[in-house]
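S.K.: this one's sequence-less:
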């Protein structure tokens, strides 16, 4: 008994030193299970390592999702496909493959509010995190403010290096707030760092013809649109409000209750 205890303590310590927490916490139960099933050493070792690998993969996924700074968790599976705008329904299967990220191409979801633009963007972002991609979510106004703060604190170059290396950046709410020429130039400069190299998802409530309202500079507007739409995936998100349908369904349920 003492010898068995000593061996267990050695295994525990080895796992602790080598940072194998899942094996450390489960090896004794795995041994008992292996004895009951009478499996060979190779199968036992493979299953034990699989358990550690699965745990690390789940932890890594959770960490990527946490670092992405999503405002809330929305999964693609939660979308009611039939309630999405027609163009989104047609392109959903292709977008779900995340091929646009592999190709370093942008995705622009443009349409009226409540049609599932942000939900779709977050769902694609979470799926990308699950598949090992580094993602960052922010709104356009917050991004511009952050860039200005980094510049004043002389940490802009550090931020730029990080910004251009994300596999996917999601910029929400393009068009809700206009900004000055300085803000437009900063946004253009930073998006140019990712052009044709890394993917950016942009959600906007404005058609391209109205982007001049937020950039307030026709030359800058034309350059921005040209840079962002080059070989990009464009999805028309105009349609009936997705949120309004959910609200009506909820109110009807409340009345029934």
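M.R.: Arrived safely, thanks for sending. Remember, it's a predicted structure, so these values are computed and weren't measured experimentally.
S.K.: So residue 72 belongs to a helix, correct?
M.R.: No. Looking at residue 72 with DSSP: H, G, I helix; E, B strand; the rest coil, it is coil, so not inside a helix.
S.K.: Run a quick neighbour tally on residue 12.
M.R.: By other Cβ atoms under 10 Å, 15 other residues sit near residue 12. For every residue, glycine as well, the C-beta is placed using N, CA and C.
S.K.: Whatever helix or strand residue 200 lives in - contacts with which helices or strands?
M.R.: Per DSSP states H and E: residue 200 is located in strand 199-204. Here strand 199-204 is seen to pack against strand 107-110, helix 117-130, strand 168-174 when contacts are counted using 3 or more Cβ pairs under 8 Å, 6 or more residues apart in numbering; DSSP states H and E.
S.K.: Could you check the ones you listed and tell me which one is nearest residue 46?
M.R.: helix 117-130 (23.7 Å; Cβ to Cβ).
S.K.: quick revisit: with respect to residue 140, which of the helices and strands packed on strand 199-204 lies nearest?
M.R.: Taking these one by one with Cβ to Cβ, strand 168-174 is closest: 4.9 Å.
S.K.: Report all helices and strands that the helix or strand that the closest one is followed by contacts.
M.R.: Of the helices and strands lying after strand 168-174 in sequence (DSSP H and E), the nearest is helix 181-194. Counting contacts by 3+ Cβ pairs under 8 Å, 6+ apart, helix 181-194 is packed against helix 140-152, helix 156-165, helix 218-229.
S.K.: Return the residues in contact with residue 233.
M.R.: By Cβ atoms under 8 Å, 6 or more residues apart in numbering, the contact set of residue 233 is 91, 94, 95, 100, 105, 106, 107, 108.
S.K.: Using JSON lines, please lay out those residues together with distance to residue 229, neighbour count and pLDDT.
M.R.: As requested, those are arranged in JSON lines below (distance: Cβ to Cβ, whole Å; neighbours: other Cβ atoms under 10 Å; pLDDT from 0 to 100):
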{"residue": "91", "distance to residue 229": "15", "neighbour count": "16", "pLDDT": "96"}
{"residue": "94", "distance to residue 229": "17", "neighbour count": "11", "pLDDT": "96"}
{"residue": "95", "distance to residue 229": "16", "neighbour count": "21", "pLDDT": "97"}
{"residue": "100", "distance to residue 229": "13", "neighbour count": "19", "pLDDT": "97"}
{"residue": "105", "distance to residue 229": "10", "neighbour count": "16", "pLDDT": "96"}
{"residue": "106", "distance to residue 229": "7", "neighbour count": "25", "pLDDT": "96"}
{"residue": "107", "distance to residue 229": "11", "neighbour count": "22", "pLDDT": "97"}
{"residue": "108", "distance to residue 229": "7", "neighbour count": "22", "pLDDT": "97"}
